[in-house]
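1. Make a model of this:
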Amino acid sequence: MSATGGRAVQIVKINDEESEHSFTLDIDALNSILDKPEVRDKPVCVIAVAGAFRKGKSFLLNFILRYLKSGGKEDWISSEEELAGFHWRGGSDRDTTGILMWSEVFPFRSKGKEVVVAIMDTQGSFDKNSTVRDCATIFALSLMTSSVLVYNLFNNIQEDDLQHLHYFTEYGRLALDDSGETPFQHLQFLVRDWQYAYEEPYGKEGGQNILNKQLKIEEKQHPELQALRTNLTSCFSTMSCFLLPHPGKHVATNPNFKGTLSDIDEEFLEHLQTFLPEILAPEKLVVKVLGGKGVKAKDLVTYFKSYMEIFKGNTMPEPKSMLEVTIEVNNLVSLASAKELYMASMESLCGGDRPYLNESVLDLEHTRILESAIQEFDARKKMGGEEFSTKYRDQLIKELEEAFQQFKAHNDSKNIFKAANTPITLFTIWAILYIISQMCSLIMLTPVSNLCNVLMWGIVITGMTWAYIKWGGEYAHIGSQIEEVTGWVWDNVFQVLLAKAAEQGTNYAVRQAAQRMSSVQSPSHLELKKNR
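-> Predicted structure coming up:
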C-alpha cells in the first residue's frame, strides 16, 4: 500500500538468493532523501523500528507516518482513510527486506531549532531466509544510524531480546571508555499485544515498571547477565518501555483488512495516541548526535557508507573494528564540515562573479578563514583522541591550501592588468628589440640588427601561439609555460626597472622641492639681517 506525497525507498538491499549473503547500499537513493538543498544542512532525527519479522513493524510505521504528516496535531488519528505508506500485509511470510527509508523527511521546530525527521523500516529478524549475521547486520545498521530505535517486541521483554543487544554493549563499552560519552541515544522498548494488564497497566508507566524489573541486577544472576544489564544501562542515554494492547481480532484474522480505523480496537488506538507523542512530539524529538554535535542530514550518508564497508565481510566485525570505523567517520564529518565552512566563506569573498581582490587582502582573508575552519574542526569532540584526529587535521589544512591556490588563480584571472601581462611583456620586448635593431642599422652593426630581427620574429610567433592557445583551449601546458616565462621577465626585469625609475623620480622630485624651499627661505633670511 502506498501513500500520496512520498514512498518507501529501499536504501539497503540484501541478496540472500546466493550461498554468501551480501548487502548493498543504494547511495543515490539515500542522497535523494537526505541531500536535498532544503534538507541537507538541517540536524536530523532518525526514528528506526527493528525487531522480529511479522510483528507489525510496518503497520506501526504507517501510524508514525500519519502522525508526522499531520504535523503532530492532536486529532492526527481521526482520519478514516485506509492506513498507507510502508507496504504491509497480513500472513506468516516476511514482507520487508533490507532497510527502507521514507522518501520525504518531515520538518519540525524542536527546542528552538529547525530539524528534520527521517523514518526507517527494517527487515524482520529470524525469518527462514535470514542468517544470524543478516539479522545482526540489519539491527546494527539501524542502531548505529538512528537517534531513536524502537525495539518492537511481542508479549513481553524476554531474556533473549536483551541478549540480542549484547554484541552492541561491548562496542558501547569501548566507545564509552574512549570518549566518555554514551554511544547510543534513545532505546524505546515497545511491547506489543501485552497480555498481563492485571499485573502492569498498558502505557508508559506499566512499561517502565516491566523494564526496570528486567534490568534489575540480582545477586543470584550469572555474572554475564549482570554485566549485560550494567552495560546496557551505560550504553544508552535513555531507555524506556511502552505496553500496547492487541489491535483487535479483525486486524489479526481478516485477510482483507486495509487499516481502516473502525476495524481496530479503540483501546489500541487510545494507547497509540499516547505513545507516539512520547517519541515524536516536537519537544521530545532526539537529534542524532556524534562527537557532541548534531548530525546534519547530508552527514548521515557518510555514516551509512562507512558502516556498510565494515559489514561487507562474511562475519560480523569485532566491536573494536566498529569503534575504529566510528572514529574515522567522526573525523571525516568534522573535516567535511570545516572544509564546507572555508569554501563557502571564500566563495562569498572572491568566487564566481565577485570583483577582483587585492592579493595581500586575499592572503589575509585566507589566513582568517583558515583559522575559523580549523576551529570548527577542533570544536567537534573527536573520538580516538588527539593522536588520531591530528592526521585528519593535517589533511584538512592541506586540502584548504590547495583550494586556496584555486581561489587565488580564479581571483588573478579577474585582474585585467595581470591577464594582459603576457601580451604587454611580449610587446615591450619586441619594441626594445626594434629600437636596438634600428640603432644598430644606423651605426652599421648589421649582425646585431639581424639578430634582433630574428628575435623579433620569435616574439611575434610566441605571441601568436599564446593567443591561439587562449582562443582554442588546446596545448594549455605550452600556454602556461609562456605565461611563466613572461611573468618572470616582468617581475624580475621590467618591474625592477620600473621600481628603480620610480625611486629615482621620487628622489629627484624631493631634491627639487628642497631646493625651492631653500631658495624661498634665503631672501627672507637676508631681509631679516638687514632689519637688524
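
2. Would you check how far apart Asn31 and Met239 are?
-> 32 Å (Cβ to Cβ, to the nearest Å). (C-beta placed from N, C-alpha, C; glycine too.)

3. sorry, that was for Pro223
-> For Pro223, the distance to Met239 equals 22 Å [Cβ to Cβ].

4. Pick out whichever of those two has more residues nearby.
-> Met239 (18 against 7; other Cβ atoms under 10 Å).

5. So the more buried one sits against Leu211, correct?
-> Yes. If you go by Cβ atoms under 8 Å, Met239 and Leu211 touch, sitting 6.6 Å apart.

6. Return every residue with contacts to both of the two.
-> Phe189 (Cβ atoms under 8 Å, 6 or more residues apart in numbering).

7. In space, what's closest to Trp430 - neighbours in sequence excluded?
-> In this structure, Trp430 finds its nearest non-sequential neighbour in Ile459, 4.5 Å apart by Cβ to Cβ, 6 or more residues apart in numbering.

8. Give me the neighbour count for Tyr171.
-> With other Cβ under 10 Å as criterion, Tyr171 counts 24.

9. would you say it is within a strand?
-> No. Counting by DSSP: H, G, I helix; E, B strand; the rest coil, one finds Tyr171 to be helix, located in no strand.

10. What's the separation between the residue nearest the centre of the chain and Lys391?
-> Nearest residue to the geometric centre of the chain (Cα atoms, centre = their mean): Asp299, 3.1 Å. Computed as Cβ to Cβ, the Asp299 to Lys391 distance reads 20 Å.

11. Likewise for Ala281?
-> Taken as Cβ to Cβ, the span from Ala281 to Lys391 is 42 Å.

12. Also Ile14?
-> 34 Å.

13. Ala502 too?
-> 49 Å.

14. ok now do Pro282, which residues does it touch?
-> Pro282 touches Gly72, Phe108, Arg109, Ser110, counting by Cβ under 8 Å, 6+ apart.

15. please redo it, this time with the cut-off set to 10 Å
-> The neighbours of Pro282, taking Cβ atoms under 10 Å, 6 or more residues apart in numbering as the test, are Gly71, Gly72, Phe108, Arg109, Ser110, Lys111, Val115, Val117.

16. Looks to me like the second one is in a strand.
-> Right, the one you point to is Gly72. No. Looking at Gly72 with three-state DSSP, it is coil, so not inside a strand.

17. surely it meets Glu278?
-> No. Gly72 lies out of contact with Glu278 (Cβ atoms under 10 Å); the separation is 12.0 Å.

18. Name the residue in these two with the higher neighbour count.
-> More neighbours surround Gly72 than the other of Gly72 and Glu278, with 18 against 14 (other Cβ under 10 Å).

19. where do the contact lists of Gly72 and Glu278 overlap?
-> Residues touching both Gly72 and Glu278 by Cβ under 10 Å, 6+ apart: Lys284.

20. Name the nearest residue to Leu269, ignoring sequence neighbours.
-> According to Cβ to Cβ, 6+ apart, the nearest residue to Leu269 is Ile77 (6.2 Å).

21. pretty sure that neighbour is touching Leu261, no?
-> Yes. With contact defined as Cβ under 10 Å, Ile77 counts as touching Leu261 (7.0 Å).

22. Pull up the overlap in contacts between the two.
-> Residues touching both Ile77 and Leu261 (Cβ under 10 Å, 6+ apart) are Arg66, Leu269.

23. Show me the strands in this protein, by range?
-> Applying DSSP state E to the chain gives strands spanning 8-15, 22-25, 44-51, 99-102, 106-110, 113-122, 148-154, 184-192, 236-243, 289-290, 293-294.

24. Now render these as JSON lines, adding distance to Thr506 and mean pLDDT.
-> Formatted as JSON lines, the strands of the chain follow (distance: least, Cβ to Cβ, whole Å; pLDDT from 0 to 100):
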{"stretch": "strand 8-15", "distance to Thr506": "70", "mean pLDDT": "81"}
{"stretch": "strand 22-25", "distance to Thr506": "68", "mean pLDDT": "78"}
{"stretch": "strand 44-51", "distance to Thr506": "63", "mean pLDDT": "88"}
{"stretch": "strand 99-102", "distance to Thr506": "71", "mean pLDDT": "87"}
{"stretch": "strand 106-110", "distance to Thr506": "64", "mean pLDDT": "90"}
{"stretch": "strand 113-122", "distance to Thr506": "60", "mean pLDDT": "89"}
{"stretch": "strand 148-154", "distance to Thr506": "73", "mean pLDDT": "89"}
{"stretch": "strand 184-192", "distance to Thr506": "70", "mean pLDDT": "89"}
{"stretch": "strand 236-243", "distance to Thr506": "71", "mean pLDDT": "90"}
{"stretch": "strand 289-290", "distance to Thr506": "61", "mean pLDDT": "83"}
{"stretch": "strand 293-294", "distance to Thr506": "56", "mean pLDDT": "82"}
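
25. can you tell me which of those comes nearest to Tyr167?
-> With Cβ to Cβ, the closest approach to Tyr167 among the strands of the chain belongs to strand 184-192: 12.5 Å.

26. List the contacts of Ser337.
-> Lys293, Lys296, Lys298, Asp299, Ala373, Glu376, Phe377, Ala379, Arg380.

27. Quick one: buried ones out of those residues?
-> Lys293, Lys296, Lys298, Asp299, Ala373, Glu376, Phe377, Arg380 (16 or more other Cβ atoms under 10 Å).

28. Can you tell me which of those lies closest to Tyr67?
-> Closest to Tyr67, out of all of those and judged by Cβ to Cβ, is Lys296, at 23.8 Å.

29. you'd agree the closest one is up against Pro43?
-> Yes. Contact criterion Cβ under 10 Å: Lys296 and Pro43 qualify, at 6.3 Å.

30. Now the common contact residues for those two.
-> Common neighbours of Lys296 and Pro43 (Cβ under 10 Å, 6+ apart) are Val116, Val287, Lys288.

31. The second one and Arg511, how far apart?
-> With distances taken as Cβ to Cβ, Val287 is found 73 Å from Arg511.

32. Which residues are in contact with the nearest residue to Leu30 once chain neighbours are set aside?
-> Computed as Cβ to Cβ, 6+ apart, the closest residue to Leu30 that is not its neighbour in sequence is Ile11, at 4.9 Å. The contact partners of Ile11, by Cβ under 10 Å, 6+ apart, come to 24-34, 98-101, 120, 141, 145, 301, 304, 308.

33. Good, wrapping up.
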